[in-house]
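1. Give me coordinates for this.
(chains A, B and C)
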Amino acid sequence: MLNKKYRFHSRGGVRFVFQKGKTVRTQKMSLTTLDNERGFTRVAVVVSKKVLKTAVGRNRIRRRVYEAIRQNFEDLPEKRDYIFTVFTKDIADMPYKDLEKILGDLVAQSRIS
RNA sequence: GGAGCUCGAAAGACAAUCGCUUUUUAAAGAGGAAAGUCCGGGCAACACAGAGUACGGUAGUCGCUAACGGCGACCGUUCGUAAGAAUAGGGAAAGUACCACAGAAACAAAACUGCCCUUCGGGGUGAUGGUGAAAAGAGUGGGGUAAGAGCCCACAGCAGGGUGUAGCGAUACGCUCUGGCGGCAAACCCUACCGGUUGCAAGGAGUGCUAUUAGCCUUGACUCGAGGACGCACGCUUACCGCUCGAGCCAUGGAGCAAUCUAUGGCCUAGAUAGAUGAUUGUCGGCCUUUUGGCUACAGAACCCGGCUUACUGAGAGCUCGUUAU
RNA sequence: GCGCCUGUGGUGGAAUUGGUAGACACGCUACCUUGAGGUGGUAGUGGCCAGAUUAACGGCUGUGCUAGUUCGAGUCUAGUCAGGCGCA
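-> Residues are numbered from 1 along each chain as shown, chains lettered A, B, ... in the order given. From the prediction side, this is the model:
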């Protein structure tokens, strides 16, 4: 689990990023990014109730994604806000390497665009 | 060996690496349902809450409990061969409403039809009518009569009054009198009992203004009573307190059929705030499969408890009824 | 966390105090009309029994699901499932 300092979640903040930020997407997840003025990277993960009904399953997805981000935290460009939105419940059961690959691709795409 | 009923422990284990939250820096860190939010309380604010009406809820008895619509024991009823299971189970003799279609008639007593008598005017009868969920709403048999009928008799059903025995009681088993007898109260209603409102998004903490008049408020019905700076504006509103020691947990003993209560000793056992309690790998368990291998339930605390209900894996224990063999 | 509402054929949407469920509209199917299609007209249309069949008659079932009350439940009661809404 990522340190609390590097997560963000407030209603206004998430909305601000969604409105102003740039989005790249794949079939399973999307990534919205925006530069911030805080001097460090912040990350949020969004899992809708429509993806998976049980709180246990959503928690598992959220934790796996946060863990994958933590493992590769150094790869993220600095001073930006990131929101990862999950679309499918496959994330809960897919191999860890595949999850890392999806996230890597997303970050690479957002860097290009 | 088969079919079934009841109870029910536990909720995979260990290791390595990398992390998260609280923090006394050394520890601790999701559940039996944390869920649904269906009830009940604590706690908080307004009178630690008052009176009456309205409105709502509950409904066998006795107990348990902080309280309950919960639980336990017992009684009645229904289902089951049984073990057992279910049970909104007060009142229809206070009143009102309703009972479609069919049927002569549907709630109150007669008309129609039938039967009997007849002086042909009428009178007697209410057991004929086959419809319906329900029809003299007292059944069966006999007597009786012009024809018939609880009109009379015997046996029997329910209800009400009185009464005896057993039981704290619901009730059970009797005796006696009455001759009262459709259903429906999960229709209105009556009776008894219970219920103030809002909820941790409660509430507390800051600054300024108004001042015992008026006004407003005491919340979401109305009236009364009693009282209050309660009022208004700004600020706070991702921060702090509330926030976890509690009707707490464990062990042993005692009381009780039990729910439960109690004595002694020990223990401190999540407190996050978009939300920590995790991720990955390996080994061993359990189940399935010829093997490779696959599967390993339901499900995530958000102020805290007591229940109920629903979801779901299930070691094991006790019991019942058939079958076969001895 | 607290409070509230709604579930009826393929779709929208009716059903007065409990009494034959599916009015009405759309859609769909078949036939007629057309060279062909559209439009228009006529008839039918919840599901199952139902298979090789125009399928009648008939039976069973059916108002999200499971029970209960009642002679009788879409309607009343309880539980449950699903969907939706409000309060910052």
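2. gap between the most centrally placed residue in chain A and RNA strand B?
-> Nearest to the mean C-alpha position of chain A, counting by Cα atoms, centre = their mean, stands A:Phe84 at 2.6 Å. To RNA strand B, A:Phe84 is 12 Å away according to Cβ to the nearest atom of the strand, to the nearest Å. C-beta here means a position set from N, CA and C on the backbone, and glycine is covered the same way.
3. Could you check the pLDDT of that residue?
-> At A:Phe84, the predicted lDDT confidence score is 86.
4. Is it part of a helix or strand, or is it coil?
-> The three-state label for A:Phe84, taken from DSSP: H, G, I helix; E, B strand; the rest coil, comes out as strand.
5. now do A:Val43
-> What three-state DSSP gives for A:Val43 is strand.
6. could you give the mean pLDDT of whatever helix or strand A:Ser30 lives in?
-> Assigned by DSSP states H and E, A:Ser30 belongs to strand A:29-35. On average, the pLDDT along strand A:29-35 is 84.
7. Would that strand count as contacting RNA strand B?
-> No. Using Cβ under 7 Å from any atom of the strand, strand A:29-35 stays clear of RNA strand B, with a minimum separation of 14.8 Å.
8. partners of that strand in the sheet?
-> The strands beside strand A:29-35 in its sheet (DSSP bridges) come out as strand A:22-25 (antiparallel), strand A:80-86 (antiparallel).
9. which of those sits most buried?
-> Greatest average neighbour count among these goes to strand A:80-86 (a mean of 21), per mean count of other Cβ atoms under 10 Å.
10. Quick check: next helix or strand after that one?
-> On the C-terminal side of strand A:80-86, the nearest following helix or strand under DSSP H and E is helix A:96-112.
11. what packs against that next one?
-> strand A:22-25, strand A:29-35, helix A:55-71 (3 or more Cβ pairs under 8 Å, 6 or more residues apart in numbering; DSSP states H and E).
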